[in-house]
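S.K.: Pasted the sequence and its predicted model underneath.
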Amino acid sequence: MKCNECGFENKDTAKFCSKCGKPLGMPPKPENKNNSKIIIAALVIIILILAVSIGYFVLTNNSQGSHVQSASSNNVNKAPNNNSQQAPSTQSNQQKEWKLIGSYSGSGSGSQSISVPPGEIMVKISAFPIKNYATNHLHVNGAGQSVGVDWGSTSAVETRSDSRTFNLSSQQTFTIDYYETVSWQVEFYRYQ
């Protein structure tokens with residue numbers, strides 16, 4: 001019997017090849033080229049999908065960044081240019097706003113003095129009384145004026161708030177006066 005592997009001629013009764021030792025009488029196994037082709041094709045498809053996905057995300061992020069950059073450059077181009085000879089600090093068009101310069105709070109009864117800088121100052125007050133007496137109050141006095149909240153004996157026991165604007169030409173001392181309060185708060189703002 002001829003060996004299918006090495007071609008050696010063996011005895012007809014032999015079960016194994018005398019030369020290579022392979023079993024006789026069995027046809028050789030065909031190489032499974034189809035399985036390896038399927039695996040290679042699947043790997044190529046997976047790599048292509050990953051490459052397309054990464055490319056899509058990179059392009060999407062770059063286009064969003066360019067939109068943001070283009071929008072910000074458009075805003076810069078639309079900025080008013082009244083006089084190109086001005087110094088950079090005067091070219092900035094900053095809006096004034098109320099900025100908190102001091103916040104004070106407490107409870108009970110008492111008073112305290114606060115030093116306030118010059119300028120346009122707004123005082124906001126808010127308080128809640130212990131109970132409605134004729135003398136429950138929170139007052140802030142300064143620059144010859146005052147802002148305050150009071151509760152009478154028939155008033156509802158509730159939070160009250162008020163505010164007032166002062167124009168100060170120089171630094172002033174304000175007095176916060178409070179009586180029989182559960183809580184109070186006074187905030188000083190400066191327009192700058």
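M.R.: Yep, it's here.

S.K.: okay, CA-based contacts and neighbour counts for the rest of this
M.R.: Fine.

S.K.: now the strands for this protein?
M.R.: Counting by DSSP state E, the chain has these strands, from start to end: 98-116, 119-129, 136-142, 145-151, 160-168, 172-191.

S.K.: which helices and strands does the longest one pack with?
M.R.: Just to be clear, that refers to strand 172-191. In terms of contacts (3 or more CA pairs under 8 Å, 6 or more residues apart in numbering; DSSP states H and E), strand 172-191 is packed against strand 98-116, strand 119-129, strand 136-142.

S.K.: Mind listing the strands it pairs with, and their directions?
M.R.: strand 98-116 (antiparallel), strand 119-129 (antiparallel), strand 136-142 (antiparallel) (DSSP bridges).

S.K.: Put together TSV for those, with distance to S170 and mean neighbour count on each row.
M.R.: Shown next, in TSV, are those (distance: least, CA to CA, whole Å; neighbours: other CA atoms under 10 Å):
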stretch	distance to S170	mean neighbour count
strand 98-116	9	14
strand 119-129	8	21
strand 136-142	12	22
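
S.K.: where does this structure have its least confident helix or strand?
M.R.: Using mean pLDDT, DSSP states H and E, the weakest-scoring helix or strand in the chain turns out to be helix 88-91, at a mean of 49.

S.K.: got a pLDDT number for I45?
M.R.: Looking at I45, its pLDDT reads 94.

S.K.: should've said E120
M.R.: 95.

S.K.: Verify the stated contact: it with Q171.
M.R.: No - assessed by CA atoms under 8 Å, E120 is found out of contact with Q171, at 11.3 Å.

S.K.: Mind putting the strands of the chain into JSON lines with distance to G7?
M.R.: Listed next are those as JSON lines, based on distance: least, CA to CA, whole Å:
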{"stretch": "strand 98-116", "distance to G7": "100"}
{"stretch": "strand 119-129", "distance to G7": "107"}
{"stretch": "strand 136-142", "distance to G7": "114"}
{"stretch": "strand 145-151", "distance to G7": "115"}
{"stretch": "strand 160-168", "distance to G7": "109"}
{"stretch": "strand 172-191", "distance to G7": "104"}
